[in-house]
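1. what would the 3D arrangement of this be:
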Amino acid sequence: MAEEPGPFAPQPPVPPAKSGAKSSAIAKGPSLPRQLGPYTLLERIGIGGMGSVYRSTREGDPTQVAIKVMSETTRSNPVLLRRFEQEFRAASRLDHPNMVKAIDYGEADGVPYLVMELVVGKNLSDYVEEKGRLPELEAIRLVGQVAQGLHRAHKMGLVHRDVKPDNILITADGQAKLTDLGLVKEAETDLNLTRTGRGLGTPHFMAPEQFKNAKLADSRCDIYSLGATLYSSLTGRTPFGGFGPLEAWMKKVQDEFPPPRSLVPELSERTDWAIRRAMASDPELRPATCREFVEDLTGRTTRKALAAPEVDKDPWYLRYLDDQGTEVAVKGSRAAVRRSLREGLLGDASNVQGSRSRQGPFLPLRDLPEFRDLTLPLPSQPPASRPVGALATAAPAEPAATVGDGSTVSFHPSKPTTDFTRLGQLSRATGHKPVPLWVLLLALGLLLAGLAFLLFLLLR
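-> As a prediction, the model looks like this:
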């Protein structure tokens, strides 16, 4: 299905035709201005599979709006026509600053049109292409705004199903707005306009289960796409880019993609973890809501009843069962609790509950954004393939190797390292103790004694 790139992202007036299909297509549009019902079409600002988008005004109102007009070929398709109507119905129900608003829907001379607020800016895809990969805080801020709009949509029973950088508009003052509800799914009516067994959306950003069957898409599919969008914004790379839809899907179901920190080492561990959790192939491992995804990114709760005080030094109160089954109550700062969890001092983290006050409420640590990243497992990613003998011939620049339990053994290229030294390091990392020197000497002595006795027998 043809996609409509940034249909509401205004662009400068098109100069006389130059090389490039997009410029030519826009330049060859109908002569303007022209009338469409009560609206005057001033300038074509976008073109896509469903039709064209125009900057327009309404009679008696100087406020400019964006009008999406269906092309002749699409309006003859009853499914696409219903999808066009559905876009207005869904967008008109949403009133959120981070969602593009629907204003009107009508038909003039047999031509359906959809009137939306005009967003002066550019889409996130063009924004990243112009600026390069975004700083961590800026990317989180923009995606976090979109997550708020999506959270409202999900609470109303709407699933977007096509969250991607092209459908996120950035205004001149830095506000992000999600647009293009043409593929939205309404949970109550199940009006999703697709047959069972067909995917619907953008392959590189959609969740693997949506790829198989768009009818099964739920809010966690949007969360996957939101995580993939943040991945793209921070790394400057399209997730699973360079692969066709089928190969991309196969890699998705295996969670086979480079972690963000492997591409941008300066990214924080928390952001890397939050993205990989959102892009887990198993929907049950992803955040349950957009609110939870934002909490994963920030490490702070968004619920007022559980909000932490502004002063970071205020303690956390914990209670858990020790090895003897006795309940233990302790308190400490956020940093101290995190350090204790990393070092295993609190035992099984699933048995620990925490609260900001001595009176509670006490919640499992997995429900507290401040500690969730240390308590929830991530799907294991397949290790990079390595040829036989690579351990002995590894390039000096390689700083580490990962062993089966996930621990890392550091190698120092500046020091001469023998194969036996590396094998010893790997052995210790996997829990195998090195053989004591006296045992080796004893074995060598017994071997020499045996050889001497055998030689003695041969010479007799």
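2. contacting residues for Pro315?
-> By CB atoms under 8 Å, 6 or more residues apart in numbering, Pro315 lies in contact with 331-333. Yep, even glycine has a C-beta here, placed from its N, CA and C like the rest.
3. need those in a markdown table with pLDDT and secondary structure, can you?
-> Formatted as a markdown table, those follow (pLDDT from 0 to 100; DSSP: H, G, I helix; E, B strand; the rest coil):
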| residue | pLDDT | secondary structure |
| --- | --- | --- |
| Lys331 | 89 | strand |
| Gly332 | 90 | strand |
| Ser333 | 89 | coil |
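4. okay, those in CSV with neighbour count and distance to Ser219 next?
-> Listed next are the contacts of Pro315 as CSV, based on neighbours: other CB atoms under 10 Å; distance: CB to CB, whole Å:
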residue, neighbour count, distance to Ser219
Lys331, 15, 36
Gly332, 14, 35
Ser333, 13, 34
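5. okay, stretch 134-148 in PDB with CA atoms only?
-> This file holds the C-alpha atoms of stretch 134-148, laid out as PDB (Å, rounded to 0.1, in the frame of the first residue of the first chain):
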ATOM      1  CA  LEU A 134      19.200  13.900  18.200                       C
ATOM      2  CA  PRO A 135      20.600  14.600  21.700                       C
ATOM      3  CA  GLU A 136      19.200  12.100  24.200                       C
ATOM      4  CA  LEU A 137      17.100  14.600  26.200                       C
ATOM      5  CA  GLU A 138      15.600  16.200  23.100                       C
ATOM      6  CA  ALA A 139      14.600  12.900  21.600                       C
ATOM      7  CA  ILE A 140      13.000  11.700  24.800                       C
ATOM      8  CA  ARG A 141      11.200  15.100  25.200                       C
ATOM      9  CA  LEU A 142       9.600  14.800  21.700                       C
ATOM     10  CA  VAL A 143       8.800  11.100  21.900                       C
ATOM     11  CA  GLY A 144       7.400  11.600  25.400                       C
ATOM     12  CA  GLN A 145       5.000  14.300  24.100                       C
ATOM     13  CA  VAL A 146       3.800  11.900  21.400                       C
ATOM     14  CA  ALA A 147       3.400   9.200  24.100                       C
ATOM     15  CA  GLN A 148       1.000  11.500  26.000                       C
END
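6. chain center to that stretch: distance?
-> Counting by CA atoms, centre = their mean, to the nearest Å, stretch 134-148 is centred 11 Å from the centre of its parent chain.
7. repeat for stretch 44-60
-> Offset of stretch 44-60 from its chain centre (CA atoms, centre = their mean): 31 Å.
8. all further residue positions should be reported with the first residue as 59.
-> Taking 59 as the first residue, the last one we looked at is stretch 102-118.
9. pull that stretch out as PDB, backbone CA atoms only.
-> What follows is stretch 102-118, C-alpha atoms only, in PDB (Å, rounded to 0.1, in the frame of the first residue of the first chain):
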ATOM      1  CA  ARG A 102      -0.300  22.100  -2.400                       C
ATOM      2  CA  ILE A 103       1.900  21.200   0.500                       C
ATOM      3  CA  GLY A 104       1.900  17.400   0.400                       C
ATOM      4  CA  ILE A 105       1.100  14.400  -1.800                       C
ATOM      5  CA  GLY A 106       0.800  10.800  -1.100                       C
ATOM      6  CA  GLY A 107      -1.100   7.600  -1.800                       C
ATOM      7  CA  MET A 108      -4.500   8.800  -0.600                       C
ATOM      8  CA  GLY A 109      -4.400  12.200  -2.400                       C
ATOM      9  CA  SER A 110      -3.000  15.700  -1.800                       C
ATOM     10  CA  VAL A 111      -2.900  18.100   1.000                       C
ATOM     11  CA  TYR A 112      -3.400  21.900   0.600                       C
ATOM     12  CA  ARG A 113      -2.900  25.000   2.600                       C
ATOM     13  CA  SER A 114      -6.400  26.500   2.600                       C
ATOM     14  CA  THR A 115      -8.700  29.100   4.200                       C
ATOM     15  CA  ARG A 116     -12.500  29.100   4.800                       C
ATOM     16  CA  GLU A 117     -14.800  31.900   3.700                       C
ATOM     17  CA  GLY A 118     -14.900  34.600   6.300                       C
END
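10. for it, give the mean pLDDT please.
-> The predicted model assigns stretch 102-118 a mean pLDDT of 86.
11. buried ones in that stretch, by neighbour count?
-> Buried residues in stretch 102-118, counted by 16 or more other CB atoms under 10 Å: 102-106, 108-116.
12. in the longest helix belonging to the chain, what counts as buried?
-> With secondary structure taken from DSSP state H, the chain has its longest helix at helix 495-517. Going by neighbour count (16+ other CB under 10 Å), nothing in helix 495-517 comes out as buried.
13. which strands or helices does it pack on?
-> On a contact count with 3 or more CB pairs under 8 Å, 6 or more residues apart in numbering; DSSP states H and E, helix 495-517 meets no helix or strand.
14. and it, how far out from the chain's middle?
-> Distance of helix 495-517 from the chain centroid (CA atoms, centre = their mean) equals 63 Å.
15. need the contacts of Pro373 in a markdown table with distance to Glu267, can you?
-> Formatted as a markdown table, the contacts of Pro373 follow (distance: CB to CB, whole Å):
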| residue | distance to Glu267 |
| --- | --- |
| Lys389 | 42 |
| Gly390 | 41 |
| Ser391 | 40 |
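16. can you give me the neighbour number for Tyr375?
-> Around Tyr375 there are 18 other residues, counting by other CB atoms under 10 Å.
17. quick check, it in a strand?
-> Yes: looking at Tyr375 with DSSP: H, G, I helix; E, B strand; the rest coil, it is inside a strand.
18. rewinding a little: how about the buried residues of stretch 102-118, which pair is most distant?
-> Gly106 and Arg116 (23.2 Å; CB to CB).
19. which residues does the longest helix of the chain contact?
-> Against helix 495-517 from outside (CB under 8 Å, 6+ apart): no residues.
20. wouldn't Ser110 be in contact with Glu130 here?
-> No: assessed by CB atoms under 8 Å, Ser110 is found out of contact with Glu130, at 11.1 Å.
21. can you list residues touching both of the two?
-> Common neighbours of Ser110 and Glu130 (CB under 8 Å, 6+ apart) do not exist.
22. buried ones in stretch 298-309?
-> Across stretch 298-309, burial judged by 16+ other CB under 10 Å covers 298, 301, 306-307, 309.
23. and it, end to end?
-> This stretch, stretch 298-309, spans 8 Å end to end (CA to CA, to the nearest Å).
24. all set now, cheers.
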